[in-house]
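Novice: generate coordinates for the sequence data below:
(one chain, ligands or ions: 1)
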Amino acid sequence: MGETKYIFVTGGVASSLGKGIISSSIGKLLQARGYKVTIQKFDPYINIDPGTLNPYEHGECYVTVDGHEADLDLGHYERFLGIQTTKANNITTGRIYKSVIDKERRGDYLGKTIQIIPHITDEIKRNVKLLGNKYKFDFVITEIGGTVGDIESLPYLESIRQLKWELGRNALCVHLTYVPYLAAAGELKTKPTQHSVKELQSAGIQPDILVLRTEHHLNTNLRKKVALFCNVDEKAVVQSIDMPTIYEVPLLMQEQGLDATILEKMGLEVGPTPELGPWKEFLNRRHKATETVKIGLVGKYDLQDAYKSILEALSQAATYNDRKADIHFINSEKITEDNVEEQLEGMDGIIVCPGFGQRGIEGKIAAIRYTREHDIPTFGICLGMQCMAIEFARDVLGYKDANSKEMDEKTPHNVIDIMEEQKSITNMGGTMRLGAYECIVKKDSKAYAAYQSEHIQERHRHRYEFNNEYKEAFEQHGMQCTGINPESDLVEIVEIPSLKWFIGTQFHPEYSSTVLKPHPLFLSFVKACIHNQ
Ligand code: GLN
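Specialist: Reported below is the predicted structural model:
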């Protein structure tokens, strides 16, 4: 196609309006037209990456194949587009400053006074263009975190202003705002949108397209009014009305010609509207599925975003099993041996969630004991898998004090132990075992039945590991190690073959489940849950 085109997605009025979903939808629609597309997220906070952030602050930490701890929006990009993102797809202010300061210390700036403009903005611009220059993408979509008006966003807006000026038609700005409905007045209000656009304009950016998030339909007159007040073409004002599923949004955008408007504005031929066949098929199946499968999510964070990828992987797997996922969060801190039956009542299966630290551990172990003894499908992910091993060691192998060294440094039965190379680490950020590693799956295992392959690659994010000294004892007593890392011999999958579905994975399969390629383990787990009904 020639030169790479850059689309910036900014947001105003409020956070959590779904910039990630709009960016992903635009990406999907352009990809469906045959373009090579990637999406990147620029986060204005000072952390180097979200790896050290509490999930209550920013939701789940997503992990890319190359081992970057990233913003959860990268998960949306991968699920919608079926692409793999990397470290270069997620930049924070912390990384921008770090890189500039490192260059300054090396003397790269030859005695210049280092300033936000041009040094920080140049570094932002360099990072915006990095992927486009390196991999020849047709489109690079850059989502800017936060909302316009935040102090932290200013250098990013200034960089977009400069890039729009430098790149001309090859750069475009999509601004997402919110149109509230005042029930008492019975009216939809455009003033916040007008103000938000003014804020953007005062930074020197004229948005090319406005996406208005709303809970009620916006009529033509309202959109005309927004167009007039904000200097935007009428057809470049589109609405993003609440949908039962985020996966409807690309279709909603396509119906309003958002992709066609983008192409036109960037001087490209529009051509016929793509079919999106498999995507629509997925949505059809989702609509038709009325029966439910009830899954308990045993974890300590009572916040949806903390388990985003697991929720999405489950709901995708449910759709491909022609069911609706009915997911119940069960707070592991509240589970005890006395109330576990009541807490798990009615669940067709449970997922034992990843996590860090002692809080809620004993509840997870109590839940696992119950599902193991009652043969209820159980899927342990990372810490969940480690809890499966601890529970088994305590109850079946008879080591009452078995534990992970993370929870009890002095345990004599350290069935989960810290990795050798982790022992000397003092810096917490970016130092876990991260990213995709190879794993050999044993034939004749349930994991193999799901994957249909001996060679898999899955993403990791942890410091502790199954302790191989106990492997023989586990296997002799019925818990098999069915996935092994060929290089390090580390145990990556455990399962109890005599049970219906009882599998734990040291890795995070949820990160690689996409709309059109649901993850095999989630598919087979949900199937087992349905059989268990
Ligand atoms: N806390 C555990 C570890 O560091 C598990 C981490 C996780 O669940 N992602 O090994």
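Novice: ok, now how distant is the nearest residue to residue 130 once chain neighbours are set aside from residue 388?
Specialist: Excluding the flanking residues, the one nearest residue 130 by CB to CB, 6 or more residues apart in numbering is residue 88, at 5.5 Å. In short, each C-beta sits where N, CA and C put it, glycine included. Using CB to CB, to the nearest Å, one gets 36 Å for the distance from residue 88 to residue 388.
Novice: higher neighbour count, the two?
Specialist: Neighbours were counted for residue 88 and for residue 388 using other CB atoms under 10 Å; residue 388 has more, 28 against 16.
Novice: any idea which helix or strand carries that one?
Specialist: Assessed by DSSP states H and E, residue 388 sits inside helix 383-395.
Novice: can you pull out the residues in contact with that helix?
Specialist: Helix 383-395 is contacted by residues 298, 351-356, 361, 364-365, 368-369, 372, 378, 380, 399-404, 413, 415-416, 462, 464, 466, 470, 474, 477, 479, 493-494, 496, 502, 504-506 when judged by CB atoms under 8 Å, 6 or more residues apart in numbering.
Novice: what is the mean pLDDT for that helix?
Specialist: In this model, helix 383-395 carries a mean pLDDT of 98.
Novice: does the ligand sit close to it?
Specialist: Yes. Helix 383-395 reaches the ligand (CB under 6 Å from any ligand atom) through residue 383.
Novice: starting at the chain centroid, how far to that helix?
Specialist: For helix 383-395, the separation from the chain centroid amounts to 27 Å (computed by CA atoms, centre = their mean, to the nearest Å).
Novice: among the contacts of helix 383-395, which are in reach of the ligand?
Specialist: Answer for the contacts of helix 383-395 near the ligand (CB under 6 Å from any ligand atom): 354-356, 462, 464.
Novice: hey, which helix or strand in the protein has the poorest pLDDT?
Specialist: When each helix and strand of the chain is scored by mean pLDDT, DSSP states H and E, helix 55-58 comes last, with a mean of 83.
Novice: buried ones in that helix?
Specialist: For helix 55-58, burial by neighbour count (16 or more other CB atoms under 10 Å) applies to 55, 58.
Novice: just the CA trace of the helix holding residue 388, in PDB.
Specialist: Only the C-alpha atoms of helix 383-395 are listed here, as PDB (Å, rounded to 0.1, in the frame of the first residue of the first chain):
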ATOM      1  CA  LEU A 383      -1.400 -20.200  41.200                       C
ATOM      2  CA  GLY A 384      -4.500 -22.300  40.700                       C
ATOM      3  CA  MET A 385      -2.400 -25.200  39.500                       C
ATOM      4  CA  GLN A 386       0.100 -24.700  42.300                       C
ATOM      5  CA  CYS A 387      -2.800 -24.900  44.800                       C
ATOM      6  CA  MET A 388      -3.900 -28.200  43.100                       C
ATOM      7  CA  ALA A 389      -0.500 -29.600  43.900                       C
ATOM      8  CA  ILE A 390      -0.500 -28.300  47.500                       C
ATOM      9  CA  GLU A 391      -3.900 -29.800  48.100                       C
ATOM     10  CA  PHE A 392      -2.900 -33.100  46.700                       C
ATOM     11  CA  ALA A 393       0.300 -33.200  48.700                       C
ATOM     12  CA  ARG A 394      -1.600 -32.400  51.900                       C
ATOM     13  CA  ASP A 395      -4.500 -34.800  51.500                       C
END
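Novice: so what's the residue nearest to residue 3 when sequence neighbours are not counted up against?
Specialist: Nearest residue to residue 3, sequence neighbours excluded (CB to CB, 6+ apart): residue 170, at 5.6 Å. Each residue near residue 170 by CB under 8 Å, 6+ apart is listed here: 3-6, 266.
Novice: switch the cut-off to 7 Å
Specialist: Listed by CB atoms under 7 Å, 6 or more residues apart in numbering, the contact partners of residue 170 are 3, 5-6, 266.
Novice: now residue 300
Specialist: Listed by CB under 7 Å, 6+ apart, the contact partners of residue 300 are 331-333, 355, 359-360.
Novice: ok, now residue 498?
Specialist: By CB under 7 Å, 6+ apart, the contact list for residue 498 reads residue 478.
Novice: from what I can see residue 143 touches residue 21, true?
Specialist: No. Taking contacts as CB atoms under 7 Å, residue 143 lies outside contact range of residue 21: 10.1 Å.
Novice: per-residue pLDDT, the residue nearest to residue 130?
Specialist: Confidence score, pLDDT, at residue 88: 94.
Novice: cool, the one 4 residues further on as well?
Specialist: The predicted structure scores residue 92 at 96 on the pLDDT scale.
Novice: now it, which residues is it bridged with?
Specialist: residue 43 (DSSP bridges).
Novice: thought it was touching residue 51?
Specialist: No. At 10.6 Å, residue 92 does not count as touching residue 51 under the criterion of CB under 7 Å.
Novice: those two: which has the busier surroundings?
Specialist: Taking other CB under 10 Å, residue 92 and residue 51 do not tie; residue 92 has more neighbours (22 against 18).
Novice: distance check, that one against the ligand.
Specialist: From residue 92 across to the ligand, the span is 21 Å (CB to the nearest ligand atom, to the nearest Å).
Novice: residues contacting that residue?
Specialist: Counting by CB under 7 Å, 6+ apart, the residues that residue 92 touches are 43, 45, 47-49.
Novice: from the residues you listed, which are also near the ligand?
Specialist: The overlap between these and the neighbours of the ligand (CB under 6 Å from any ligand atom) is empty.
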